[in-house]
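*Asks:* how does the following fold in three dimensions:
(one chain, ligands or ions: 3)
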Amino acid sequence: MANIIVIGMQWGDEGKGKIVDLLTEFADVVVRFQGGNNAGHTVVVGEETIILHLVPSGALHSQKKCLIGNGVVVDPQVLLEDIDDLKKRGYFKNDNQLLISEDAHLILPYHRRMDVARERMKGEGKIGTTGRGIGPAYEDKVGRVGIRVGDLLDEKIFREKLEANLSMRNACLETCLHDKGFGLEAILKEYVGYARKLKKYVGNTSIFIDRQMKQGGHILFEGAQGTHLDVDHGTYPFVTSSNTVAGGACTGAGVGPTKITEVIGVSKAYTTRVGGGPFPTELKDKVGERIRERGREFGATTGRPRRCGWLDIPLLRDAIRLNGITGIALTKIDVLSEFDPIKICTSYKYRGERLEEVPSQVKVLQECEPVYEEIQGWKTELRNTREFDDLPPRAREYVRYVEELTNVEVIIVSVGERREETVLRRNPFLHGPRLL
Ligand code: GDP
Ligand code: IMO
Ligand code: MG
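*Replies:* Ligands and ions are numbered 1, 2, ... in the order given. Presented below is the predicted three-dimensional model:
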């Protein structure tokens, strides 16, 4: 039995979709456990590029079950769009492939409007959210007034809950945020339509996973966002509203921590960030622009240009501690082929003091200066490489240096966006972790 969590080690968009798609071949079930359609996970197979927002990135493997756990916030319209997109391309032929937790909370139109209106009011200090209503939906969940997928299936309960919420939310929208409120009947009509289409997919995902585990099935847990966007451990308040760290897989899928066998962290060979917040290694020069162009660093969900910079080891060290990471998937190393020298930030300098870890106060992190080591570039394209020993010596050195600085083995080196553009050094479903 191998039950593996795949987690982003940076600020999201590390290439989790590619890694999950790659590993799904060896799993039986793939589970999303937090976040919502703020996520955009790209999977490239053959000539096809698919961006998934809610459906797990294992969806292209027809024999593998895809689960949306209780910890996810579900915008039914976007979920149906994900499903339609897959079906149009010839995937997801069997409706049995998808199971959605009845306990997952719903995103409603007023969540989206509140998200956008609040960002507008914040002006310069805005978080730069995706505007998908994620924060307000999680607020309702924690505030114990949320509406869940199970509620949606009972029109009477849904109406009652929606009525109670709407009076509060409309007051807030109109009085505090100077925006428009919503009418009850329009939302009701829209969501009853979604309920009809989604009903067949809804069930108890925690029980399903437990049964699978008892039968010896392998489960792959797919994280969304990244460690430093975690609401507790990230660069607060420039974070998302869920626990993106590995612990979130247990609460967000209804699985006990003793069942998890390994945590794989995904990191780009450099760093990117979308939205506001501190970013010590950010490059605001031509090098940053070239990384953005070569890496095609534009948001998979919002299309926004991603901020780009060198690899930041303190961020990775923190991620290893917070998630218990035992293997790293290093992605997009091919993007660095153009650069010489390549820099790696090994620590920060804060008012003359050396910091090896990420300080928890954003004000301190904003003042941190990266301390760089320079590595010679390899200046060779890597996309056709499939074996570690076939990488140019300097690219191998780069990977080994990351291992040395983090004390965790790099088990996957990704050299392109396609499934096959991968150097698989250890398959976590077949072989357990190796201490360096
Ligand atoms: P996710 O949110 O972590 O799943 O990542 P995104 O899909 O938002 O962004 C990662 C982008 O990098 C996508 O466009 C992927 O197709 C692409 N990608 C993933 N791995 C590689 C790689 O090794 N090399 C290159 N060039 N692109 C990659
Ligand atoms: P994947 O799963 C990158 C960022 C937003 C913003 C902050 C809060 O594709 O890696 P939110 O809408 O969640 O309230 O926005 O978090 N953010 C992401 N950045 N990748 C993501 O997901 C993200 N999901 C949210 O840009 O800074
Ligand atoms: Mg993404």
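*Asks:* when you work out contacts or count neighbours from here on, use the C-alpha atoms and nothing else.
*Replies:* OK.
*Asks:* can you list the domain ranges for this protein.
*Replies:* Annotated domains of the chain cover 3-101+202-262, 105-198, 267-424 [automatic domain parsing].
*Asks:* now do the end-to-end distance for the shortest one.
*Replies:* Put plainly, it is domain 105-198. 14 Å (Cα to Cα, to the nearest Å).
*Asks:* just how off-centre is it within its chain?
*Replies:* The chain centre lies 22 Å from the centre of domain 105-198; the measure is Cα atoms, centre = their mean, to the nearest Å.
*Asks:* can you check stretch 214-226 too?
*Replies:* For stretch 214-226, the distance to the chain centre is 14 Å (Cα atoms, centre = their mean).
*Asks:* is ligand 3 contacted by it?
*Replies:* No: judged by Cα under 5 Å from the ion, stretch 214-226 stays clear of ligand 3, getting no closer than 7.0 Å.
*Asks:* quick one, longest strand in the chain?
*Replies:* strand 342-350 (DSSP state E).
*Asks:* that strand: which residues count as buried?
*Replies:* Ile342, Lys343, Ile344, Cys345, Thr346, Ser347, Tyr348, Tyr350 (16 or more other Cα atoms under 10 Å).
*Asks:* among the domains of the chain, which is the most enclosed?
*Replies:* domain 3-101+202-262 (a mean of 22; mean count of other Cα atoms under 10 Å).
*Asks:* Lys122 - that's part of a helix, no?
*Replies:* Yes: assessed by DSSP: H, G, I helix; E, B strand; the rest coil, Lys122 belongs to a helix.
*Asks:* which helices and strands sit right next to the helix or strand encompassing Val371?
*Replies:* Applying DSSP states H and E as the criterion places Val371 in strand 369-375. In terms of contacts (3 or more Cα pairs under 8 Å, 6 or more residues apart in numbering; DSSP states H and E), strand 369-375 is packed against strand 342-350.
*Asks:* quick check: angle from the strand it packs on to strand 369-375?
*Replies:* 150 degrees (axes from the mean of the first three to the mean of the last three Cα atoms, to 10 degrees).
*Asks:* I'd like the distance between Gly143 and Leu177.
*Replies:* Distance from Gly143 to Leu177, by Cα to Cα: 20 Å.
*Asks:* re earlier: among the domains of the chain, which is nearest Gly432?
*Replies:* domain 3-101+202-262 (7.9 Å; Cα to Cα).
*Asks:* quote the end-to-end distance of the closest one.
*Replies:* 7 Å.
*Asks:* how distant is it from the center of its chain?
*Replies:* Using Cα atoms, centre = their mean, the offset of domain 3-101+202-262 from its chain centre is 9 Å.
*Asks:* please renumber the chain so that the first residue is 59 from this point on.
*Replies:* I'll keep to 59 as the first residue from here, and by that count the last item is domain 61-159+260-320.
*Asks:* ok so, going back, between the domains of the chain, which one is closest to Leu493.
*Replies:* If we rank the domains of the chain by Cα to Cα, the stretch that ends up nearest is domain 325-482, at 7.3 Å.
*Asks:* check contacts around Val466.
*Replies:* Applying Cα atoms under 8 Å, 6 or more residues apart in numbering, we find Val466 in contact with Ile383, Thr384, Gly385, Ile386, Leu493, Leu494.
*Asks:* strands paired with the strand holding Val429, and their directions?
*Replies:* Its sheet considered, strand 427-433 pairs with strand 400-408 (antiparallel) by DSSP bridges.
*Asks:* show me what the helix or strand following the partner strand is packed up against.
*Replies:* On the C-terminal side of strand 400-408, the closest following helix or strand by DSSP H and E is strand 411-413. Here strand 411-413 touches strand 400-408, going by 3+ Cα pairs under 8 Å, 6+ apart.
*Asks:* now do the strand it packs on: everything it contacts.
*Replies:* 339, 368-372, 394, 412-415, 422, 425-435, 463.
*Asks:* ok, 6 Å please
*Replies:* The contact list for strand 400-408, computed with Cα atoms under 6 Å, 6 or more residues apart in numbering, reads 368-372, 412-414, 426-433, 435.
*Asks:* those: which ones sit near ligand 2?
*Replies:* Here nothing survives when those are matched to ligand 2 using Cα under 6 Å from any ligand atom.
*Asks:* can you tell me which of the contacts of Val466 is nearest Met59?
*Replies:* For the contacts of Val466, the nearest to Met59 is Thr384 (16.7 Å; Cα to Cα).
*Asks:* great, nothing more from me.
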